Structures are given as structure tokens and as C-alpha cells.
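Peer 1: Build me a model from this:
(one chain, ligands or ions: 3)
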Amino acid sequence: MILDMTRPAPLQEPERQHHFIRLLKEALEAEKLATGRQRTYSITTMGCQMNARDSEKLCGILEAIGYKPAESEKQADLVIYNTCCVRENAEQKVYGKLGYLKGFKKQNPDLKIALCGCMMQEDAVLEKLKKSYREVDLIFGTHNIYKFPELLATMEESQGGMIIDIWKEHGEIVEDLPSIRKFGFKASVNIMFGCDNFCTYCIVPYVRGRERSRKPEDILKEICELARDGVKEIQLLGQNVNSYGKGLEDPITFAQLLKEVCRVEGIERVRFMTSHPKDLSDELIRVMAEEPKLMPHFHLPLQSGSSRLLKAMNRHYDQERYMDRVHKLKEAIPDISLTTDIIVGFPGETDEDFEETVKVVREAGFDSAFTFIYSPRIGTPAAVMEQVPESESKPHFDRLLKVLEEVIDQNNEKKIGQVHKVLVEDESKNGMLTGRTEQNQLVHFEAPKSMIGHIVDVVLDESKTYYFIGHLLERE
Ligand code: SAH
Ligand code: SF4
Ligand code: F3S
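Peer 2: Ligands and ions are numbered 1, 2, ... in the order given. The predicted structure is shown next:
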């Protein structure tokens, strides 16, 4: 590829990145004319919604340049891994994949490999990649994802070797770059980046940087554009959405932002993730109860039911406060579904601590939960605390799953025979369609594919614990 690097690049963002998008696009068009081939990309996203949203931005940039999605990773000209480091097994997966890509590169020396995401922000990872994974062409982090066009141009211009651009601190929030959505009818919108909570087990604050909020006007502009584009459901994203707005020139609360978002015409459903129990205000609960567009679902990570462990985790709430929030939510929004995250085997966890978690699971009556075995992360305070052996954490983990399934089944049973409004999302593996109720529960049901993207009435027939089987409500 030949890039016309003689044209001066603007210093302002996002104009600078748009300049590199144009340069790359022209070069790719020329290449396509000469070879008859269009370049392709493949992107694998690990981790949470933040990474999923970042990948949409990378895809948007690549498609604006003229790349198209490859049919398989094996056929791609550019392979990207957007990595996660929240637990050890997420990291192991990346090294495994790299070993496998090395083989592809032997067959196709033109293949380019790029790595980005949270794992790249760890010094030890970078050292390991530099030493043992020289086949990687481009490495960038979580703070400079908007610079992807410029980094691609640099990679194209370089004569081989690894291009590494990792920032230790976040820079400005750059708005108005291309992005592509996985679904036409629902979209995620970042409202804030980073996290300041420093829970003692968690690496996210170290790899995603300090908490900073986007301006409400930028968020609302993006949502209005999405609504004009046919989007019905919006999910607002942040590591701790309840503390949205702090540090802005004109401070605004998360509840106030939600009210504004609900006013956007065309948007029918509004969701958000993730809330921290310590910052869950009565104002937010009130707004949830008042605004019909706010879906009756709350993801409220518990982590542990033991007040002693919650203190060691630096969570700033205890079991009593957590249950108080749960009761207030259920009182204000009787049909609310509650989901959570739980860690088993945090340093020092005893049988008694674990029993406290089981107690909260039963009392809160969760509708679903993500459960994790504690994974020590280098650099976090909990990594140097006294560890719990797997022989103790594994039986607890298995028992927690059993209790959860019992609780979820009990809740689901009450819903059998009810009619729920389902936003139809996709085809499911079993040939049916799949969608989500207002409570965010999955339902599989038979219906024509033309219903994808529509909100339809579905009768719930059977609970499969983590999803329902249902049928379309027949209209007279
Ligand atoms: N900001 C969100 C979630 C971030 S990470 C929150 O505060 O809840 C998603 C989940 O991963 C966490 O809720 C936690 O349950 C889990 N997690 C984070 N670090 C972990 C670790 N070191 N070991 C095991 N699970 C972890
Ligand atoms: Fe991690 Fe805690 Fe921040 Fe969530 S709130 S991202 S668990 S430090
Ligand atoms: Fe993983 Fe980064 Fe999300 S560490 S969980 S992808 S913020």
C-alpha cells in the first residue's frame, strides 16, 4: 500500500484521524484497482461491554477506510484481538490465540496482527509480547483507541517491526469518529470512561484510567442520531454509572441524564450498566419508577454477602446497605428483575463468609448472576493477601451455582403463562428467534425472521433457567 504522507496532517482531533482515514481509503482504492482484491479484517472481542463498544468503533474506522469483514479469521488480511485482563484465564486465551496466528503468518506473510484493549495496559504483558511474540505488528491501549487510523497508517508505512503506542494516562475524550453497530435496532453508548473505585481485587482502574464523564450534550446528540437511524433500545455504559456527571463543568446526576435520554423521540427502551451499590441513590430509584422507557431491570453487583469481606474488597457498603437498596428497588418497581456479579474465593473467605453470600442470594432473589472464582491480578492489593486454595473455593462455587439456579427457577416459575414485550434480536442456535423481555430475560420462540428488530408480545411457556421458551401471542 502506498500512502501519500506528504500531505500535512491536521493537529486537531478528530480532524487528524479523518485525514488518515482519507489517506488509507485512497491507498486501498488504488490497491483494489491494481489487484482486484479488497482487504478484509477480523476482530475478536474479549471482556465486557466497554470492549464491545470499542470494537464497534474499530470496525467503523476500518469500514470507513474500505476494509470489509473477512469470512473467517484465516482469510483476513488484518486480525485484531481486543483483549481483557479482568481474570487470568482471559489473558491465557490471548497467548493461546497468538501461538495459533503465528502459523497463519507463516502461510501468509502479508497478514497483519494487532492487539489492543485492557491487557495491553499491563507492563508485564507488554514485556512478554516484545520478547516472545514478535509476529505482532501493532499494539495499542485503551486510552488512544481513537488514534487507530493514524496507527494503521504508521504500520503501513513502517518496514516491519512492532508498532507500540500505549498511554499511561487518558487524554481528551475525542468525539465524532465512525462506528458500526452490531444491531440496527439497539445500541450501546458510553457515558463515562474509567473507574476510581479501586476495589482491591480489580485491575480495571489500572487499565482504564480515572473516571471521566462525557458531556450530556454529546451523549444526547449521539442518541438522537441513533434514534433517527432506527435504534429503539439504548444501553448506557460506564463502570459505575451512578457516579456519572462528577467533574463536569455543569455537574449533572445520572438520574437527571436518564430523564433527558428518555425524552429522545424514537427511543423506546433505556438500559444501563453497571451500577455500584454504594452510589445507588433514592433519586435514581424514583426516576426508574417514574419513567416508562427505563426498563425494569437492575444489574447490581454484590461481589460478596459478607460485610467483613466487602470491607476488605473496598466496596464501601455492607450487607445491610445492599439489602436496603434491593428492598427499595423492589418496593418502587415491583416487576423489576435483579441481576448481579459474585466473586467466590476472595482472600480470607471462610465458610461463614460464603454462607452470608448464599443468604443474600436467597433474600435478594436474583434473576440471573455472573459468578467468578477470584483471580489474583498483579498490582492489585488483594493479590498479596492470603489466598484461598482452589480446594475450598471450587466447592463453594459449585454450591453457589446450585443455589442460584434454585432461586432463578423459583422466580421464573411465577412468570410462566405471562405475556411479555420482547424486542426480537436474532435467530437462535435452535432455529427459533431470540429476544429480550423488558426485564432483560432471554426468550426463544418461533416467529418469522421479519420480526427481528420489532417489539412483540410473547407468552412464556417454559423456564430453562437462563432463558425461557415462549410463543407469539396470537392477535384476533
Ligand atoms: N464495574 C463493574 C464491573 C467490572 S468487572 C462493577 O463494579 O461491578 C466485572 C466483574 O468481574 C466484577 O463485577 C467482578 O465480579 C468480576 N471481577 C473483577 N475482578 C475480578 C478478579 N480479580 N477475580 C474474579 N472476578 C473479578
Ligand atoms: Fe472494578 Fe470496582 Fe471499578 Fe467495578 S467499581 S470496575 S469492580 S474497581
Ligand atoms: Fe475486561 Fe477491560 Fe472490561 S479488563 S472486563 S475488558 S474494562
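Peer 1: burial count for residue 362?
Peer 2: 15 (other Cβ atoms under 10 Å). Heads up, the C-betas are built off the backbone N, CA and C, glycines and all.
Peer 1: Please disregard the earlier target; I meant residue 320.
Peer 2: By the criterion of other Cβ under 10 Å, residue 320 has 9 neighbours.
Peer 1: What segments of this structure are helices?
Peer 2: Assigned by DSSP state H, the chain shows helices spanning 15-35, 49-65, 88-107, 123-132, 148-157, 204-208, 216-228, 254-262, 282-290, 307-312, 319-332, 351-364, 390-415.
Peer 1: So which residue is smack in the middle of the chain?
Peer 2: In the chain, the residue lying closest to the centroid (Cα atoms, centre = their mean) is residue 49, at 0.7 Å.
Peer 1: and that residue, what is it in contact with?
Peer 2: Residue 49 is in contact with 188, 235, 237, 273, counting by Cβ atoms under 8 Å, 6 or more residues apart in numbering.
Peer 1: if I look at it, how far off is ligand 1?
Peer 2: Per Cβ to the nearest ligand atom, to the nearest Å, residue 49 is found 10 Å from ligand 1.
Peer 1: and what of residue 115?
Peer 2: For residue 115, the distance to ligand 1 - Cβ to the nearest ligand atom - is 20 Å.
Peer 1: quick one, what contacts residue 25?
Peer 2: Contacts of residue 25 by Cβ under 8 Å, 6+ apart are 64-66.
Peer 1: and of the residues you listed, the nearest to ligand 1?
Peer 2: Among the contacts of residue 25, residue 64 lies closest to ligand 1 (Cβ to the nearest ligand atom), at 30.4 Å.
Peer 1: Local confidence estimate at the nearest residue to the closest one once chain neighbours are set aside?
Peer 2: Take residue 64 and drop its neighbours on the chain: the residue closest to it by Cβ to Cβ, 6 or more residues apart in numbering is residue 178, 4.3 Å away. Residue 178 is assigned 87 on the pLDDT scale.
Peer 1: Does residue 178 touch residue 65 like I think?
Peer 2: No - in this structure, residue 178 is not within contact of residue 65 by Cβ atoms under 8 Å, at 9.1 Å.
Peer 1: mind giving me JSON lines with the contacts of residue 49 and columns for neighbour count?
Peer 2: What follows is the contacts of residue 49, written out as JSON lines (neighbours: other Cβ atoms under 10 Å):
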{"residue": "188", "neighbour count": "21"}
{"residue": "235", "neighbour count": "17"}
{"residue": "237", "neighbour count": "21"}
{"residue": "273", "neighbour count": "20"}
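Peer 1: what would those look like in TSV with pLDDT and distance to ligand 1?
Peer 2: Listed next are the contacts of residue 49 as TSV, based on pLDDT from 0 to 100; distance: Cβ to the nearest ligand atom, whole Å:
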residue	pLDDT	distance to ligand 1
188	95	15
235	97	14
237	97	10
273	95	8
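Peer 1: Out of these, which two sit at the greatest distance?
Peer 2: Farthest pair in these (Cβ to Cβ) is 188 and 273. Separation: 8.7 Å.
Peer 1: what do the two both touch?
Peer 2: 49, 235-237.
Peer 1: Farthest-apart pair in those residues, please.
Peer 2: 49 and 236 (10.1 Å).
Peer 1: Common neighbours of these two, please.
Peer 2: By Cβ under 8 Å, 6+ apart, the residues touching both residue 49 and residue 236 are 188, 273.
Peer 1: re the thing from before, which residues does the residue nearest to residue 64 contact?
Peer 2: 21, 57, 60-61, 63-64.
Peer 1: What's the PyMOL line that selects buried ones from these?
Peer 2: The following PyMOL line selects those of the contacts of residue 178 that are buried, judged by 16 or more other Cβ atoms under 10 Å:
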select buried, resi 21+57+60+61+64
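Peer 1: Among the contacts of residue 178, which pair sits farthest apart?
Peer 2: Farthest pair in those, by Cβ to Cβ: 21 and 57, 12.3 Å.
Peer 1: The protein against ligand 2: which residues are in contact?
Peer 2: Neighbours of ligand 2 within the chain, by Cβ under 6 Å from any ligand atom: 195, 197-199, 202, 204-205, 239-240, 276.
Peer 1: Any of those residues buried? List them.
Peer 2: Buried members of those, counted by 16+ other Cβ under 10 Å: 195, 197, 199, 202, 204-205, 239-240, 276.
Peer 1: ok, of those, which one's closest to residue 133?
Peer 2: After measuring these against residue 133 - Cβ to Cβ - the closest member comes out as residue 204, at 24.0 Å.
Peer 1: correct me, but that closest one touches residue 86?
Peer 2: Yes - Residue 204 is in contact with residue 86 according to Cβ under 8 Å; the separation is 6.7 Å.
Peer 1: Overlap of the contact sets of these two?
Peer 2: With Cβ under 8 Å, 6+ apart as the test, residue 204 and residue 86 both reach residue 118.
Peer 1: Worst mean pLDDT across the helices and strands of this protein, which element?
Peer 2: Using mean pLDDT, DSSP states H and E, helix 88-107 stands out as the lowest-scoring helix or strand of the chain, at a mean of 91.
Peer 1: Near ligand 3, which residues of the stretch 51-200 of the chain are found?
Peer 2: Residues of the stretch 51-200 of the chain lying close to ligand 3 by Cβ under 6 Å from any ligand atom are 51, 84-86, 118.
Peer 1: what residue ranges in the protein score low on pLDDT?
Peer 2: 475-476 (pLDDT under 70).
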